[in-house]
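>>> Sequence plus predicted model, see below.
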Amino acid sequence: MFDNLEILDSVRLNFSPTGLIIMNLTMAFIMFGIALDLNYKQFREVIAQPKSLIIGLISQFLLLPAVTFILVKIISPSPAVALGMILVAACPGGIISNFISSLAKGNVALSVSMTAITTIAAIILTPANFALWGYLYERTSPLLRPLEIDPLQMFMTVLILMAIPISMGIIFTRYFPATAKKIIRPFRIFSFLAFVGFAIMAFANNFDHFLNYIPPIFVIILIHNGLGLFTGWSFAKIMKRPVKDIRSISLETGIQNSALGLILIFNPKIFPPDLDLGGMAFVAAWWGIWHILSGLILAGFWSKRPITGIPETLNLVP
């Protein structure tokens, strides 16, 4: 079923330099918006009892990349699709996960804490995870030629896109708390729309390719995303976490910031245009659409299963 994806890898996706600039600026605004909601008082309980947080971070940055690598070796997709799966798994939690966690009656403070910490940690861990698992795949795949990717360039890109706007958001909240409180809602709405927009931009000028290859890509993302959700759920359950924590850890593990992956993929300084990496962009873009749908479906199911003693949730909107 995945044999014809070799052709997809060689597809040269149409994406203009202007589009890349817009994506970079939008990502910076998204990170700034996330930082506006970073308030220590909201997370004192999570920090005081950090077991669920630690379990969630292990699930996010250790287990998901490892499970992804195993899946890649089992299904043997094309090289670029495999690397796209590895890159998505190396990204931090998605910006919509907090809202979906609130719908699922999960621990929203835990969800927000995980998103914040993984976003900051991604400055180092996203390039490191991709370098590690990508190298292991490259060494074991006879189809993949060596990738000459500069880890320092990826680190600098993530640093600029995430660390700087997050720092600015924290400083803004510190000195202008009233204004920050007013603009959080518009920023969350913008983040939600921008996230979907990333995927639309990736597909807009490549719709014919999308129609030809969506069936196998859909199956791959369905399995991959399902494994991500299941990994978070099962690991948290094995570690005997409260039900509300299990739900949030599951969603945080299965909802990835694939928009960051798209930006990295379209950065010619990280992935030279002459490489056959069309499959990477299709994986990241379709993940950005599907994880919202799968998260909402799972949240709808969990929302009908009430939990006693649920802490008050934050006022979140998409």
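Now that the structure is in, tell me what you want to look at. Numbering: from 1, shown residues only.
>>> Only C-alpha atoms from now on, for both contacts and neighbour counts.
Noted.
>>> residue ranges for the helices of the stretch 151-300 of the chain, please.
Under the criterion DSSP state H, counting those that start in this stretch, helices of the stretch 151-300 of the chain are mapped to 151-158, 164-175, 177-204, 207-238, 243-254, 258-265, 278-303.
>>> Nearest to L53, out of the ones you listed?
Closest to L53 of those is helix 243-254 (Cα to Cα; 8.3 Å).
>>> Now do that closest one: everything it contacts.
Contacts to helix 243-254, defined as Cα atoms under 8 Å, 6 or more residues apart in numbering, come from residues 52, 56, 59-60, 64, 93-94, 97, 100-101, 104-108, 110-111, 114-115, 225-233, 236-237, 291, 295, 307, 310.
>>> next one: it to chain centre, how far?
Relative to its parent chain, helix 243-254 has a centroid offset of 14 Å by Cα atoms, centre = their mean, to the nearest Å.
>>> before we move on, what about stretch 252-261?
Remark: stretch 252-261 is offset 1 Å from the chain centroid, using Cα atoms, centre = their mean.
>>> Endpoints of that stretch, how far apart?
16 Å (Cα to Cα, to the nearest Å).
>>> By mean pLDDT, show me the worst of the helices of the stretch 151-300 of the chain.
For those, the bottom mean pLDDT is recorded on helix 151-158, which sits at a mean of 66.
>>> Just the buried residues out of the contacts of helix 243-254, in ChimeraX syntax.
Buried members of these, defined by 16 or more other Cα atoms under 10 Å, are picked up in ChimeraX with:
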select :52,56,59,60,64,93,94,97,100,101,104,105,106,107,108,110,111,114,115,225,227,228,229,230,231,232,233,236,237,291,295
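>>> What separation do you get for the residue lying closest to I265 once chain neighbours are set aside and M31?
Nearest non-adjacent residue to I265, counting by Cα to Cα, 6 or more residues apart in numbering: F271, 6.1 Å away. The gap separating F271 from M31 is 23 Å, by Cα to Cα.
>>> do I223 as well
Per Cα to Cα, I223 is found 28 Å from M31.
>>> And for W302?
W302 is 28 Å from M31, where distance means Cα to Cα.
>>> These two: who's more crowded?
Taking neighbours as other Cα atoms under 10 Å, W302 and M31 compare with M31 leading, 25 against 18.
>>> Now that one. Its backbone dihedrals?
With angles defined as degrees, to the nearest 10, M31 shows backbone torsions of phi -70, psi -40.
>>> okay but it is in contact with S167, surely?
No. Applying Cα atoms under 8 Å as the test, M31 and S167 come out as separate, 9.2 Å apart.
>>> isn't V81 right next to V283, touching?
Yes. Contact criterion Cα under 8 Å: V81 and V283 qualify, at 6.4 Å.
>>> so how far is G169 from A259?
Note on A259: its distance to G169, by Cα to Cα, is 19 Å.
>>> that older thread, how about the helices of the stretch 151-300 of the chain, which one is nearest A122?
helix 151-158 (7.6 Å).
>>> Please confirm that I95 is located within a helix.
No. The assignment for I95 is coil, going by DSSP: H, G, I helix; E, B strand; the rest coil, so no helix is present there.
>>> count of residues packed around it?
A count of nearby residues for I95, using other Cα under 10 Å, gives 27.
>>> Spatially nearest residue to it (excluding sequence neighbours)?
Nearest to I95 is N257, by Cα to Cα, 6+ apart, at 6.6 Å.
>>> show me what contacts the one you found?
Counting by Cα under 8 Å, 6+ apart, N257 touches 88, 91-95, 288.
>>> Kindly recompute the last result at 10 Å.
N257 sits next to 88-97, 115, 119, 195, 284, 287-288, 291 when contact means Cα atoms under 10 Å, 6 or more residues apart in numbering.
>>> This completes my enquiry, with thanks.
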